[in-house]
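Novice: following is a predicted model, sequence given first.
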Amino acid sequence: MSIPPLQTPDGKARDGIAERRRITAVLGPTNTGKTHLAIERMMGHESGMIGLPLRLLAREVYDRVVKVKGPRAVALITGEEKILPQSARYFICTVEAMPLEREVEFLAVDEIQLAADRERGHTFTDRLLRSRGRSETMMLGSETARSLIQKLLPDTRFVNRPRFSELSWTGPKKITRLPRRTAIVAFSADQVYAIAELIRRQRGGAAVVMGALSPRTRNAQVALYQSGEVDFLVATDAIGMGLNMDVDHVAFASTQKFDGHQHRPLGVAELAQIAGRAGRYMNNGTFGTTGDAANLPDDIIARIENHQFEPERVFQWRNPHLDFANIPALIQSLEAPPARAGLMRAQTADDLEALERMSRTPEVAALARSPHAIRRLWEVAQVPDFRKTLASEHASLLTRLYLFLMDKAGDTPERIPEDWLERQIGKLDRADGDIDILATRLAHMRTWSYVANRADWLHNPAHWQERARKIEDRLSDALHERLTQRFVDRRTSVLMKRLRQNEELMAAVNGDGEVLVEGEYAGHLEGFVFVPDPRADGEQARVLRAAADQALASEIAARAQRLVTAPDADIALSEHGRVVWAGHPVAELKGSDNILLPRVELVTGEQLNGPAREAVQARLDAWLKMHVTQVLAPLVALRDATDIEGLARGIAFQLVENLGALGRETVAEDVRTLDQAARGQLRKHGVRFGAYSIFVPALLKPAPARLKLILWALSRKDVEDPFAALPALPAPGLTSVPAEANVPEGFYGALGFRVCGTRAVRLDMLERVADLIRPVIASRAYNGGFIVTPDMMSLVGCSGEEFAGLLRGLGYRSQVEKLVPPKPAAAVPAENAPVMKVTEVADATTAPAEDPAPETADVPESQEVASEPEASVETVTEPVVEPAPAEAATAGAETAPAEPVEMEIWRPSRRRHGGETNRKPRRERNRPQGHGQVQGQAQAGERRDGEPQKDGGKPDARKRDDGNKEARHRQGGKPRRDGKHEKPRDYSFSKPKPRDREPDPDSPFAALAVLKERNRTS
């Protein structure tokens, strides 16, 4: 390859041999092709060497030269990596790792203005002053270095390179408004990660480039950006050093950085170096600010656009001629001041601080006595602290290395033990963990990679170099993968790329209902509703939805057809009123005027419309009607019955509206009015007349109860969500459950339970308890009361205080009394036993049976309340025939009288069922209509003779005449004080008149009544 000629500012070529031996400084802003020029001229020579500021950039140039010269001719030398073929003629290095002992035809140093950097500047200054190629030496950098280079090297030839494209300011922009192909610059890892995460959510993802990443990881991230898979790059100022990327816009998220000592604002030259990454070759670039960064002043913007920067005042310098006589002499030589103007002694660097700390260790001081030992100590002190740990911790590690490398005498070179090195490296050979853990391992590994590339420190350097490289590559790949997983949404990046290329997106729905767009998950179908991926938002969500609609239209139409033809068994109703098909809700029930037929509201998206939607609606309407008819068949039959008339029709209507159960107290007057024929009409349809409830036992099964609860909830029109805050349903088979206090009114009633105290009891079990109580009260064995038995408690599944609370909720009260226990009933011989008719009581799980209790009209109201006459009994038999008086006397003579014992007796209170007092006082109930008072009874507040009484109506005791008591007693009335007799009062008008009606042929008590009448007459 021929060497391209250099050009002077006047455009004339200078390419003579004498000219090539001089130092040439190629200066200019970014995007001037300086590095490209140096690489082309190097490859035009037989041998060459170039020093680059970053390991990443060195690797990029190495790959480029290898493509032209081949791998055997090119070497890569950095502090952490060495690829050094025997026949290498071209050396691509970092500036610190340049092998200056090798002579080459061409030598170049890139970014020479870094000679002013406080940390690394002395190395660049040393290369400027001492590194030369035999034929040509080239220094590349910014115009800011011109004055110092000319001052230090007056014979330098300067070549100015103009920028290929324009750079202009566009002002601040929100991160979400930044244009494509933007590099966002921040100066801390936390800030970089936060910005990358925001871009991933809003724009699909971003690549991440930081100086702390390994070259392999940074290269992979840059390739992610360069390939167009992501449109944004979030980086530190590492991108300002020669990375060649297609960046159109640079946005500063911050204009301050921590330089290792303090937070300081970036200089104009630093801002220009980073902003200059925008616009490659002939493409113009822009720069601005974003996030919390303040706007740049107008004068700084103008200087960046016009590439006008303040020249560097001094270059950092450190004495290259070191004295290894002893440690103090070495330190003194390192701290020697420069002898030339324009140079400044470099600040104490990490290697000098490590040397001072190591020299204070007694073991090190004892070994470092010869020039060889001191030279080795200085080599060890120059190991970089990639881990960024404490200075003392880093010095401790270097001390350990130095002790390994020196024998006890300090004369014979030693090697680092392989077993110890294997333990240190083996700890890092793990690819698990998050980004921070992997980055930390990688930083530690870079230290050991540096050690492995010191061939004279190891027994088998090639083995350790290979092992360190493999571990570093594995960690780098894992870190790249974690960064991509966290900050890149591949799905969005693929979609955006296809849309930019105007390609049609392919979408499909798999068997699991997942919607895939270009093979990427976009959401899933739940019934007829498309649920997009929640991770997608903004532009990404819009693109996904538009692409998914193509596949959804045909899939939803096919699903609608499958639902229309699906069997009834494939459709179900959830406990929250949702119609479920194929595992997903397709409709919701809404309340209507007809409690047994709520509205069906489809749960669909816009894709289901037209005839397909109408067909689905008709199918679900028909299914719901059929489902209610099957599960609540007794209730539907009661609603549609044509053989129920009159008042019974009203009760049937109320039963339907209340889902098959009514509290007896709510329809007490109507029930008393019903004749046996009307009751028979209701009984034919499964209605039972109980002591506490009028209900349909068949509806107490689990399936009807569950459906009734749904219908009841839908009838609650005063709440927005009728199923909210409802407790869990009682487990099937439970006869009672604890009654929760905060449940909506009617919840337990819809399930077929009644709240009694602190328990909710199933209606049929409550009636069976009443069946056990009623005959005991009627027998007067406990003076009109009863005692609690295990049979009663077992029916409702509770005992103790819970059962006592249940009874109190039913209106019973308890009292401890001394009573003589009743005698057991005498056995009746089988031959004398009357014929009995037994009626079985229907349970909740059996067919409804007729209620066996006598009609209320045949029992006085006071007795009806006390004995709960409407309750059903398990068996109804003819009363036991009492023994003859002689036999009774004999039995009484043989049995000794029992002693009274204390027992807890429960008696009904005068309150109506459930504790409600809706009855008139006995005195008022016994008065005939139209009578204000009983004959001969004075009104309150006056005497019988019409004169007012004292003390609120009480007669004056002094005016009473007790002489007539005996006369009144003889006449059958109560004796009066005045000696006269009152006639006995006639209460016959208060007795209810018997009703003239035919017995109900359907009642089981009709036959029993006939049997009683026959026994009485015989």
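Specialist: Looks like it arrived, so ask away. None of these values were measured; they are calculated from a predicted model.

Novice: what about the closest residue to Leu343 other than its chain neighbours, how many neighbours?
Specialist: Leaving out its chain neighbours, the residue that sits closest to Leu343 by C-beta to C-beta, 6 or more residues apart in numbering is Trp317, at 3.9 Å. The C-beta positions use only the backbone N, C-alpha and C, and glycine is treated the same way. By other C-beta atoms under 10 Å, 24 other residues sit near Trp317.

Novice: list phi and psi for Trp317.
Specialist: phi -140, psi 140 (degrees, to the nearest 10).

Novice: that one reaches Ala339, doesn't it?
Specialist: No. Trp317 sits out of contact with Ala339 when judged by C-beta atoms under 8 Å, with a separation of 9.5 Å.

Novice: in the stretch 251-400 of the chain, which spans are strands?
Specialist: Using DSSP state E, counting those that start in this stretch, the strands of the stretch 251-400 of the chain run over 256-258, 263-265, 285-290, 315-317, 343-345.

Novice: tell me which of those strands sits most buried.
Specialist: strand 315-317 (a mean of 26; mean count of other C-beta atoms under 10 Å).

Novice: quick one: closest of the strands of the stretch 251-400 of the chain to Leu729.
Specialist: strand 285-290 (56.6 Å; C-beta to C-beta).

Novice: partner strands of the closest one, parallel or antiparallel?
Specialist: Sheet pairing of strand 285-290 (DSSP bridges) gives strand 167-173 (parallel), strand 249-252 (parallel).

Novice: contacts for the strand or helix carrying Leu148, please.
Specialist: According to DSSP states H and E, Leu148 maps onto helix 146-152. Contacts to helix 146-152, defined as C-beta atoms under 8 Å, 6 or more residues apart in numbering, come from residues 25, 27, 112, 115-116, 128-129, 139, 156, 158, 311-315, 340-343.

Novice: what do you get if the cut-off is 10 Å, keeping everything else the same?
Specialist: Helix 146-152 has contacts (C-beta atoms under 10 Å, 6 or more residues apart in numbering) with 23, 25, 27, 112-113, 115-116, 125, 128-129, 139, 141, 156, 158, 160, 311-315, 317, 340-343.

Novice: tell me how far it lies from the chain's centre.
Specialist: Distance of helix 146-152 from the chain centroid (C-alpha atoms, centre = their mean, to the nearest Å) equals 64 Å.

Novice: now stretch 664-681
Specialist: Counting by C-alpha atoms, centre = their mean, stretch 664-681 comes out at 56 Å from the chain centroid.

Novice: just the terminal-to-terminal distance for it.
Specialist: Length of stretch 664-681, first residue to last, C-alpha to C-alpha, to the nearest Å: 18 Å.

Novice: ditto for stretch 100-115
Specialist: Start and end residues of stretch 100-115 are separated by 18 Å (C-alpha to C-alpha).

Novice: and that stretch, which residues are buried?
Specialist: Going by neighbour count (16 or more other C-beta atoms under 10 Å), the buried part of stretch 100-115 is Val104, Glu105, Phe106, Leu107, Ala108, Val109, Asp110, Glu111, Ile112, Gln113, Leu114, Ala115.

Novice: return the subset of the residues you listed lying in strands.
Specialist: Among the buried residues of stretch 100-115, DSSP state E puts Phe106, Leu107, Ala108, Val109 in strands.

Novice: looking at the contacts of helix 146-152, which are in helices?
Specialist: When DSSP state H is applied, those are split such that Thr125, Leu128, Leu129 fall in helices.

Novice: and for the last one, nearest residue in space, chain neighbours not counted?
Specialist: What that stands for is Leu129. Leaving aside its sequence neighbours, Leu129 sits nearest to Leu152 (C-beta to C-beta, 6+ apart; 6.8 Å).

Novice: could you dump the ones in strands among the buried residues of stretch 100-115 to TSV with pLDDT and distance to Ala612?
Specialist: Shown next, in TSV, are these (pLDDT from 0 to 100; distance: C-beta to C-beta, whole Å):
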residue	pLDDT	distance to Ala612
Phe106	96	76
Leu107	96	78
Ala108	96	73
Val109	96	74
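
Novice: TSV for those residues, including distance to Gln191?
Specialist: Output for those, formatted as TSV (distance: C-beta to C-beta, whole Å):
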residue	distance to Gln191
Phe106	41
Leu107	38
Ala108	35
Val109	32
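
Novice: low-confidence ranges, the stretch 151-300 of the chain, go.
Specialist: Scanning the stretch 151-300 of the chain for pLDDT under 70 picks out the ranges 241-244, 259-260, 281.

Novice: hang on, the residue nearest to Leu343 packs against Arg118?
Specialist: No. Counting by C-beta atoms under 10 Å, Trp317 does not reach Arg118; the two are 11.9 Å apart.

Novice: what is in contact with these two at once?
Specialist: With contacts defined as C-beta under 10 Å, 6+ apart, the residues shared by Trp317 and Arg118 are Met344, Ala346.

Novice: distance check, Asn633 against Ala703.
Specialist: That one is not Asn; residue 633 is Ala. Applying C-beta to C-beta, to the nearest Å, the value for Ala633 to Ala703 is 11 Å.

Novice: show me where the stretch 601-750 of the chain has strands.
Specialist: 661-663, 688-689, 693-695, 736-738.

Novice: got these as a markdown table, with mean neighbour count, mean pLDDT and distance to Met792 columns?
Specialist: As requested, these are exported to a markdown table (neighbours: other C-beta atoms under 10 Å; pLDDT from 0 to 100; distance: least, C-beta to C-beta, whole Å):
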| stretch | mean neighbour count | mean pLDDT | distance to Met792 |
| --- | --- | --- | --- |
| strand 661-663 | 20 | 94 | 21 |
| strand 688-689 | 26 | 94 | 20 |
| strand 693-695 | 27 | 95 | 18 |
| strand 736-738 | 18 | 93 | 12 |
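
Novice: how about these, which one is nearest Glu60?
Specialist: Closest among those, once you apply C-beta to C-beta, is strand 736-738, at 75.5 Å.

Novice: what residues does that closest one touch?
Specialist: Residues contacting strand 736-738 (C-beta under 10 Å, 6+ apart): 727-731, 748, 751, 753-754, 756, 758-762, 765-766, 795-798, 802-803, 806.

Novice: let's see 8 Å
Specialist: Here strand 736-738 makes contact (C-beta under 8 Å, 6+ apart) with Pro730, Phe753, Thr758, Arg759, Ala760, Val761, Arg762, Met765, Val796, Gly797, Cys798, Leu806.

Novice: with stretch 449-468 instead?
Specialist: So stretch 449-468 is contacted by 79-82, 379, 383-384, 386, 401, 405, 413, 415-416, 418, 421, 425, 445, 448, 469, 472 (C-beta under 8 Å, 6+ apart).

Novice: type out the PyMOL command that picks the buried ones from these.
Specialist: The PyMOL command for the buried members of those (criterion: 16+ other C-beta under 10 Å) is given here:
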select buried, resi 79+80+81+82+379+383+386+401+405+416+421+425+445+448+469+472
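
Novice: okay, and the beta partners of Tyr90?
Specialist: Beta-bridge pairing of Tyr90 under DSSP bridges involves Gly48, Val74.

Novice: that one against Ala73, yeah?
Specialist: Yes. Counting by C-beta under 8 Å, Tyr90 touches Ala73, with 6.0 Å between them.

Novice: show me which of those two is the more surrounded one.
Specialist: Counted by other C-beta under 10 Å, Tyr90 and Ala73 do not tie: Tyr90 has more neighbours, with 25 against 16.
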